[in-house]
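> below are the sequence and a predicted model for it; my questions follow.
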Amino acid sequence: MPVGNALGTMSEYDFTAIEARWQAAWRENNTFATRGPGEEGFDASKPKYYVLDMFPYPSGAGLHVGHPKGYTATDITARYKRHRGFNVLHPMGWDAFGLPAEQYAIQTGTHPAVTTKANVDNFRSQLQALGFSYDWDREVNTTDPSYYKWTQWIFKQLYQKGLAYQSEVPVWWCEELGTVLANEEVIDGRSERGSHPCVKKPLRQWMFKITEYADRLLADLEDLDWPDSVKAMQREWIGRSEGAELAFQPATAEGVEVGEAFTVFTTRPDTLYGATFCVLSPEHPLVDVITTPEQMEAVSEYREQATRKSELERAELQKDKTGVFTGAYALNPIFPEGDPRRLIPIWTADYVLMSYGTGAIMCVPDGDERDHEFAEKYSLEIRQILDGDKMVNSDFLDGMTKEESIPAMIAWLEEKGLGTGKVNFRLRDWLFSRQRYWGEPFPILHEIDAAGERTGEVKLAADEDLPVSLPELEDFTPAAGGEPPLARATDWVTVVDKGGKTWKREVNSMPQWAGSCWYYLRFLDPHNQGAAWDREKEDYWMPVDLYVGGAEHAVLHLLYARFWHKVLFDCGLVTHSEPFQKLVNQGMVQSYAFKNAAGLLVPVDAVTENEDGSFFAQETGEAVERMTAKMSKSLRNVINPDDVITQYGADTMRLYEAFMGPVTASAPWNPRDLPGVFRFLQRTWRVYQTGLGEQCNDDVERALHQAIKKVGHDLEQMGYNTAIAALMEFINAATKAKVPLTAEQAANFCILLEPFAPHLAEELWSLTNQSGELAYAAWPEFDASKLVADTIEVPVQINGKLRARAVVAPDVSKDDLEAAAREVIAEHLQGEVRKVIVVPGRMVNFVVG
RNA sequence: GGGGGGGUAGCCCAAUGGCAGAGGCAAAGGACUUAAAAUCCUUCCAGUGCGGGUUCGAGUCCCGUCCCCCCUACCA
């Protein structure tokens, strides 16, 4: 085979050389450097498009084939938008604080910064090998002091707004990780990372008042172009419910008042006439006060059991409700003194959670399924108050539906001063401190007294003292008792201010979410030394037009970032109240796995396929069933992107990722499908190898214009897989025509191909001596007159069933089409034609009989 | 239990209410080749989970039902 690039000479599609050449050229020419307001070369007349990936944590394992699925989608869109004349901001960075680097440091003594740098370098080169058009001049790294300086500065803004506070609260403590965790990071009593057991423990921690923003975080979801599932998850997490709070007074069995009144939250205050008992959470402080001596032993034992039970165990045991009578009673405020219904028993039970509402509930067995179950089990009174959807035995509410009775009851309670209408949220304040080394230090100083003890007074570090840099440490292990590793850096911890006064630094660090709460703003102005970002740039680029990432961040990163952004908005630092206008969750890239009859998973490399397409395990010979699963080391089904690039090239890899199906769909990586897209690129290469022609072939020209239309249309709605199908159609047509493309056709197809397979497109652009920079060449316009053939076949139906086809001109009139249809259908037409439906260019339908 | 998303050829996946098929994989046959690979050409394949309804016409809209995936769950 002759090797060479001269046109007219058949040469191989040498993707390795082509990709290396163009990646180098893009770097040298700064092809994808983006200019914003105030930057040289900025063109203010162009519209902007900000397309963002959720930046990765640079793990030691390197890039996973799942990462490029989203990155390929955004890159195709970024490249497409450049052709459409947009100023495109398409940056990449590293969310590099986090536990793995710290744990590796504890095991090996390697400083997390060293590990992080190595991992970042690896990730960057892997991403560059895929030819993504990021503006690498804007790369940010959350662990860089010049970055976290501004993370600390934003913390100060939140603090100054009164949104950050310290509190001794029961928080999730994870012994294994040696740190506290946020509610969002604990699932069923286990840490989200690593699945280690966690317990509730009272500790003094930094909190953010995210609950003050609950209403806005909920309401503003409305206008966002986000997946319904993510909006639903955020709504549920915020958990707004309307109802009332009302107070119950504890009393003895004789009705003598004891202790303080307790408040309950209920969404159905109107069912108060059916309230026959109350339940306090075992953690409720009042339980100690009101429990009678006779019941004390049983209650203490129950409470102890409840604390020992993990949240997980409580959830597992949910079917079987348990509880203990406290011996005390509560006065149902709706009944007058002397009414026997007024005195109701108070129980304690762990199905009532201290963390929701007030930790105390009124129970209406006739209205609530759980209360009913509990009442049945412990033989408590069940008083009817509902007949169908109408209230009964409820005095002034009788005959009302709940829509009428709830407001009526709230009005009544408020009038009598017994309760108030109340909106309750499930959202808790955000626990913002961690006992780790590898995180942002707080810009906080604690006042200490002569004995070196904290007085409780704190002050912020001055702006000119930022960043508060991480001190060097030898040992990164958390100290016993939850003391953070930073406490060991004694020189760093002690600060003497200008007045000679001694302070101690905060030794907790920020959680990993901090850096990712605002990185999309730093990309706008990454080298700014004097400010986190420039207002003019922020005004131009924000909000993010397209944000692509995994669904796992639905309530963590995406809720936190929205919260920070709203605070920044209230501070007048940003111009929009929401950061991410359109959000897309890319589907997961899964892998095949195999399961035997016993349901055990069998590693991929231990399975062989039979001729008939079934599978068997090599060792045992037993039949196994193919299924899709997450890639995992144990199943040995992890695909390494580097191997794919070596074998097929980056363009094939990109094309395959985009061609797997809709970007939002999960699909297994199927090595068998790779050659299909690879062949398409080879065919494309070959079409261009025959040189350019003068003569314009009609079929090729039509296919090209159809492709221009379809690819543009599909890309507007992120239909990457169907856009690629359109490209394939064109190449199939061009191959079939066996005539060289004209220079114009060759150029136009290069532009269509560039977003998907940029290296090959650049090579072909250069081989055909096109002028100008391909990445910024204007997207071609399609000519509607060239879209259709000289004649088209129109289906002719009788009663909706296909009976014949009429060959007509594409622009035939309605009457002429009907005439042509009558001609071809004549022999099939029997009986009276009652109606004729004619859709010009589409079909004709005769309704008979 | 609640919420979100899906069921179309052997497989992945397309189809503004208008011929069920764009594209790819796999399969079969052929061309080229000493042979194989690669490449090229040709061919094969379902009536859209199931049952109703609306319509001239339903994969698409409506009602019911079954199955699968994801998220969430004693939230008062």
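Great, that's in hand.

> so, in contact with RNA strand B or not, stretch A:708-725?
Yes: under the criterion of C-beta under 7 Å from any atom of the strand, RNA strand B is reached by stretch A:708-725 at A:Gly719, A:Asn721, A:Thr722, A:Ile724, A:Ala725. All C-beta spots, glycine's among them, are computed from the backbone N, C-alpha and C.

> closest to RNA strand B among those residues?
If you rank these by distance to RNA strand B using C-beta to the nearest atom of the strand, A:Ala725 comes first, at 3.3 Å.

> returning to that earlier point: counting neighbours, which of the residues of stretch A:708-725 next to RNA strand B comes out on top?
With neighbours taken as other C-beta atoms under 10 Å, the top of the residues of stretch A:708-725 next to RNA strand B is A:Ile724, carrying 22 neighbours.

> can you give the contact residues for the host helix or strand of that residue?
Using DSSP states H and E, A:Ile724 sits in helix A:720-737. With C-beta atoms under 8 Å, 6 or more residues apart in numbering as the contact definition, helix A:720-737 has outside contacts at A:72-73, A:76, A:655, A:658-663, A:677, A:680, A:683-684, A:686-687, A:697, A:699-700, A:702-704, A:706-707, A:710-711, A:714-715, A:741, A:749, A:752-753, A:756.

> tell me which element the residue of the stretch 601-750 of chain A at minimum distance from RNA strand B falls in.
Among the residues of the stretch 601-750 of chain A, A:Gly676 lies closest to RNA strand B, at 2.5 Å counting by C-beta to the nearest atom of the strand. Element membership of A:Gly676, judged by DSSP H and E, is helix A:674-689.

> now the angle from that helix to helix A:720-737?
Computed with axes from the mean of the first three to the mean of the last three C-alpha atoms, to 10 degrees, the direction of helix A:674-689 lies at 50 degrees from that of helix A:720-737.

> which helix or strand lies directly C-terminal to helix A:674-689?
Downstream of helix A:674-689 (by DSSP H and E), the next one is helix A:698-716.

> buried sites along that following helix?
By neighbour count, with 16 or more other C-beta atoms under 10 Å as the criterion, the buried positions of helix A:698-716 are A:700-712, A:714-715.

> what parts of the stretch 551-700 of chain A come near RNA strand B?
That would be A:551, A:554, A:613, A:659-662, A:665-667, A:670, A:672-673, A:675-680, A:682-683, A:686, which are the residues of the stretch 551-700 of chain A within reach of RNA strand B (C-beta under 7 Å from any atom of the strand).

> going through the residues you listed, which ones are buried?
Among those, those buried by neighbour count (16+ other C-beta under 10 Å) are A:Ala551, A:Ala554, A:Phe659, A:Met660, A:Ser666, A:Val677, A:Phe678, A:Phe680, A:Gln682.

> and the pLDDT at the fifth one?
Translated: A:Ser666. Looking at A:Ser666, its pLDDT is 89.

> ditto for A:Gly613
In this model, A:Gly613 is scored at 63, pLDDT.

> could you do the one 3 residues further on as well?
The predicted local distance difference test score for A:Phe616 is 76.

> so which bits of the helix holding A:Ile724 are buried?
For helix A:720-737, the buried set under the neighbour-count rule, 16+ other C-beta under 10 Å, comprises A:Tyr720, A:Ala723, A:Ile724, A:Ala725, A:Ala726, A:Leu727, A:Met728, A:Phe730, A:Ile731, A:Ala733, A:Ala734, A:Ala737.

> and the strands in the stretch 351-500 of chain A?
Residue ranges of the strands in the stretch 351-500 of chain A, as given by DSSP state E, counting those that start in this stretch, are A:360-363, A:386-387, A:390-391, A:419-424, A:430-431, A:444-448, A:454-460, A:494-496.

> quick one: closest of these to A:Arg193.
Comparison of the strands of the stretch 351-500 of chain A against A:Arg193 by C-beta to C-beta identifies strand A:430-431 as nearest, at 15.2 Å.
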